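Q: sequence and computational prediction follow.
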Amino acid sequence: MTRLSSRSRGILTDLWLTAPATLGMIVLIFAPVLVVVVLSFTDYQFGARSFEWIGLENYATIFTDPIGQRAVVNTLIYVAVVMPASIVLALLVALGVHEASRWMPRLAAALRAAYFLPVAATLVAMATVWQMLLHPTLGPVNQALLALGLPGQDWLSDRGLVLYTLTIIGVWETVGYNMVLFLAGLAAIPHHLYDAADIDGANRSWERFWTVTWPMLGPTTLFVMVVTATRSFRVFEIVATLTDGGPAFASDTLVFAMYREGFVYFKAGYSSAITVVFLVFVLIFTLAQFRILESRVHYR
Amino acid sequence: MIELRNISRRFGDTSALSDVSLTIEGASFTSLLGPSGCGKSTLLRIIAGLDHPTSGSILFSGRDVRDLSAAERNIAMVFQSYALYPHMTVRGNIALPLAMRSMNRLERFPVLSELLPSARRKAVENNLAVERIAALLKIEELLDRKPSQLSGGQKQRAAVGRALVREPTAFLLDEPLSNLDAKLRHAMRAEIVDLHRTTGRTFIYVTHDQAEAMSMSDQVVVIMDGKVQQVDAPRDLYERPASRSVAAFVGDHPVNFLDVAVDRRQLAPPFEDVTLDTAIPGRTVTVGIRSERLHPAADGALAGRIERVDYLGSSTMVSLRLPSGHRLSAVLSEQDAVPVEGEILRLSFAPQRADLFDPDSGQRIDARLVPARASSRPARRDQ
């Protein structure tokens, strides 16, 4: 038996350590994605014995069929509202909670828990609560509007309104998660930078924010943006539990359409094409954010 | 002139500073010297306005500055960690204090600042000031780099530039050299002294390094356990330390503290050859002799067996055990022969330059050792 050099022994150790995880990724992620990509070019129906190659027809359907278009546009609108709104709100809440933690730590801890509750709780259970809140006649939301002399709304059954109702619930769900990330970012800002800002005359809260807080939160903000983007592209539970994509596909989204086509109608080929579109969207969004922002938030 | 009157600072139950009173003359170089955790940085932050005393008052040129923010006190500060804004270039860092003072909110606003004529004029003026400072500190070629692209010494200069660029009442420096390597520290020490001369402003310098404080300052404030131990010029600090702990803290070499019995003016061995110039109460006294003040001499008064020899090139440290049981360490110069362990070494010292302390309180005793008069004592036996 020949003795291996320390270099090749090192390589073997590296392989031995990384192989299980790599193998898992290949078997559980990359291979299925490849299968999905292949299926997206077929008319395969789940359970069928054969399929035809139909090229890009599935993709053409998504972008030309009114229902497919609806899902794409709805998803983009949802992301466009939830992303900025939940990030800005989360930042404001985090700044408030961070500030409050200095002079009343108990209240700050209670607020933090309250905002994080939607993240920790089961969304499906929470959706029931929302359904009750938004009930057209019995719901407290409409009751309150009526008390103020405003007309009540059909929050979940008005075609023009339902998507925006879902975005509000989406923001409510995401703020707590983003707040926790921002709080961690805020806690990591070295305090001597605030001292320097005080000395340099940037001592009012607005100036402190622009001189120290906001630039130092840059890496956190980038991370929050990427996470929020992928989370909002994935919107599914609230659609499935509250609206089923209705009324008349007014609240249909990509992932819900993917589920409906694949698991209700068993159109595996079409569902795979939607999945690929979804993956490409998320990939483009994430890459764009990294490309554009990374050099600006990591100060090298 | 900066005056501190009876400053105390408590953090919960712990007292960081107690009853600190101090006068810092305008244009002077004052060091706050003490071991880490003694409260010197807290004192500096209180002077800066970054922290507030629990009690006591601070006066700048006779005016109480209690309610003035750090910016309104118009002091400049160099932080131990430099505290440069990582997202700005060196130019941006140095210009920030100028922009904050000369421009209003509108003129600093990102896009408007390019459009408003007044903002553009001020930006040009500020930039000239930045380049003047950069030239003074020899960092012109670094102006467009980010702090992460700078070495420790370069960051240090940029931080000094940010402090220098406006005309502050005082410069506060919080251990600015402690993150630099030894060689650079020496060079920067000289540069800071030069800066003090050229700017002619008040410098307040916090350090735990007695060599820095001694070599740079007009006035050294020794702080220990939150209390001011002594305020003096470096030379007086070395020659007349107010307490045993100050004596031990100041100076490059260790100090020998020997507790000896005393009866009015008469001292027990190994000090039979000297007496006190005035009688003191108490039964024991601590005699402090700096190890660099002990010299080998054939007729030296202190003789002991050498227990340890540390040869350091330019000097040699020796430790001896005296027959009286005391240990003594001495610094021998390059010219002296390097002794061997186990030998007997005789050392002489100038009795007048020894310091006397109360063994209980550690405070200086105002008495001196003098050679015993030949008439009052028998001639020393030769051995």
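A: Structure received.
Q: any stretches of the chain with poor pLDDT?
A: This is for chain A. Applying pLDDT under 70 to chain A flags the ranges A:1-2, A:300.
Q: nope, chain B
A: Applying pLDDT under 70 to chain B picks out residues B:110-113, B:373-383.
Q: go again with 50.
A: Applying pLDDT under 50 to chain B flags residues B:374-383.
Q: could you find the residue nearest the spatial middle of it?
A: B:Ala213 (3.1 Å; Cα atoms, centre = their mean).
Q: outside of stretch B:11-20 itself, list whatever touches it.
A: Stretch B:11-20 is contacted from outside by B:4, B:6-10, B:39, B:42-43, B:46, B:53, B:56, B:223, B:226-228, using Cβ atoms under 8 Å, 6 or more residues apart in numbering or on different chains. Bear in mind the C-beta positions are built from the backbone N, C-alpha and C, glycine included.
Q: could you identify which of those has the most neighbours?
A: B:Leu43 (27 neighbours; other Cβ atoms under 10 Å in any protein chain shown).
Q: how about the residues of chain A near chain B?
A: Neighbours of chain B within chain A, by Cβ under 8 Å from any Cβ of the partner chain: A:190, A:192-193, A:195-196, A:198-203, A:207, A:211-212, A:215-216, A:218, A:299-300.
Q: buried subset of these?
A: Burial by neighbour count, judged by 16 or more other Cβ atoms under 10 Å in any protein chain shown, picks out A:192-193, A:195-196, A:198-203, A:207, A:211-212, A:215-216, A:218, A:299 from the residues of chain A next to chain B.
Q: looking at the residues you listed, which are in helices?
A: A:His192, A:Leu193, A:Asp195, A:Ala196, A:Asp198, A:Ile199, A:Asp200, A:Glu207, A:Pro215, A:Met216, A:Gly218 (DSSP state H).
Q: adding distance to A:Leu145, write those out as CSV.
A: Shown next, in CSV, are those (distance: Cβ to Cβ, whole Å):
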residue, distance to A:Leu145
A:His192, 50
A:Leu193, 46
A:Asp195, 49
A:Ala196, 50
A:Asp198, 47
A:Ile199, 51
A:Asp200, 49
A:Glu207, 40
A:Pro215, 42
A:Met216, 42
A:Gly218, 40
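Q: which among the residues you listed gets closest to A:Leu89?
A: If you rank these by distance to A:Leu89 using Cβ to Cβ, A:Gly218 comes first, at 18.8 Å.
Q: dump the residue contacts of that closest one.
A: Counted by Cβ under 8 Å, 6+ apart, A:Gly218 has contacts A:Leu293, A:Arg296, A:Val297, A:His298, A:Tyr299, B:His87.
Q: and B:Leu115, how many neighbours?
A: 9.
Q: and it, its phi and psi?
A: phi -100, psi -40 (degrees, to the nearest 10).
Q: and the gap between it and B:Ala95?
A: From B:Leu115 across to B:Ala95, the span is 19 Å (Cβ to Cβ, to the nearest Å).
Q: do a quick rundown of the strands in the stretch 151-300 of chain B.
A: Under the criterion DSSP state E, counting those that start in this stretch, the stretch 151-300 of chain B carries strands at the ranges B:170-174, B:202-207, B:219-224, B:227-232, B:255-263, B:266-267, B:274-276, B:284-290, B:295-296.
Q: helices and strands around the fourth one, which ones?
A: Going back to what we said before, that points to strand B:227-232. strand B:14-24, strand B:219-224, helix B:244-249 (3 or more Cβ pairs under 8 Å, 6 or more residues apart in numbering or on different chains; DSSP states H and E).
Q: what's the answer for the fifth one, then?
A: With contacts defined as 3+ Cβ pairs under 8 Å, 6+ apart, the packing partners of strand B:255-263 are helix B:244-249, strand B:284-290, strand B:327-333.
Q: for the residue nearest to the centre of chain B, give me its contacts.
A: For B:Ala213, the contact set (Cβ under 8 Å, 6+ apart) comprises B:Ser31, B:Leu33, B:Tyr205, B:Thr207, B:Val220, B:Pro234.
Q: how close does it sit to B:Ile204?
A: Counting by Cβ to Cβ, the gap from B:Ala213 to B:Ile204 is 12 Å.
Q: now for those two: what residues contact both?
A: Listed as contacting both B:Ala213 and B:Ile204 by Cβ under 8 Å, 6+ apart are B:Ser31.
Q: follow-up on the earlier one: which of the contacts of B:Ala213 lies closest to chain A?
A: Nearest to chain A out of the contacts of B:Ala213 is B:Tyr205 (Cβ to the nearest Cβ; 16.0 Å).
Q: sorry, back to before: would you list the helices and strands packed on strand B:227-232 in CSV and tack on distance to B:Ser61?
A: Supplementary listing: these in CSV, determined by distance: least, Cβ to Cβ, whole Å:
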stretch, distance to B:Ser61
strand B:14-24, 11
strand B:219-224, 18
helix B:244-249, 30
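Q: among those, which is nearest A:Val33?
A: Closest to A:Val33 of the helices and strands packed on strand B:227-232, according to Cβ to Cβ: strand B:14-24, at 59.3 Å.
Q: paired strands for the closest one, with orientation please.
A: Strand B:14-24 sits in its sheet next to strand B:2-11 (antiparallel), going by DSSP bridges.
Q: dump the partner strand to CSV, keeping only the CA atoms.
A: Extracted in CSV, the C-alpha atoms of strand B:2-11 (Å, rounded to 0.1, in the frame of the first residue of the first chain):
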residue,chain,number,x,y,z
ILE,B,2,-11.0,73.8,30.9
GLU,B,3,-11.9,73.3,34.5
LEU,B,4,-13.4,70.2,36.1
ARG,B,5,-15.0,70.7,39.5
ASN,B,6,-15.8,67.8,41.8
ILE,B,7,-16.8,65.5,38.9
SER,B,8,-18.2,62.1,39.9
ARG,B,9,-19.7,59.5,37.6
ARG,B,10,-21.5,56.4,38.8
PHE,B,11,-22.7,53.5,36.6
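Q: tell me how far that strand lies from the chain's centre.
A: Chain-centre distance of strand B:2-11: 19 Å, with Cα atoms, centre = their mean, to the nearest Å.
Q: pipe the helices and strands packed on strand B:255-263 into a markdown table and attach distance to B:Val260 and mean neighbour count per row.
A: Formatted as a markdown table, these follow (distance: least, Cβ to Cβ, whole Å; neighbours: other Cβ atoms under 10 Å in any protein chain shown):
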| stretch | distance to B:Val260 | mean neighbour count |
| --- | --- | --- |
| helix B:244-249 | 14 | 21 |
| strand B:284-290 | 6 | 20 |
| strand B:327-333 | 12 | 20 |
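Q: nearest to chain A, of these?
A: That would be helix B:244-249 among those, by Cβ to the nearest Cβ, at 26.7 Å.
Q: B:Leu43: what's it in contact with?
A: B:Leu43 neighbours (Cβ under 8 Å, 6+ apart): B:Leu4, B:Ile7, B:Arg9, B:Leu17, B:Val20, B:Leu32, B:Val206, B:Ile223.
Q: what helix or strand is it on?
A: Here B:Leu43 sits within helix B:40-48, counting by DSSP states H and E.
Q: next up, the contacts around the residue of the stretch 1-150 of chain B found nearest chain A.
A: Proximity of the stretch 1-150 of chain B to chain A (Cβ to the nearest Cβ) peaks at B:Met100, 3.4 Å away. With contacts defined as Cβ under 8 Å, 6+ apart, the neighbours of B:Met100 are A:Asp200, A:Gly201, A:Ala202, A:Glu207, B:Ala71, B:Arg108.
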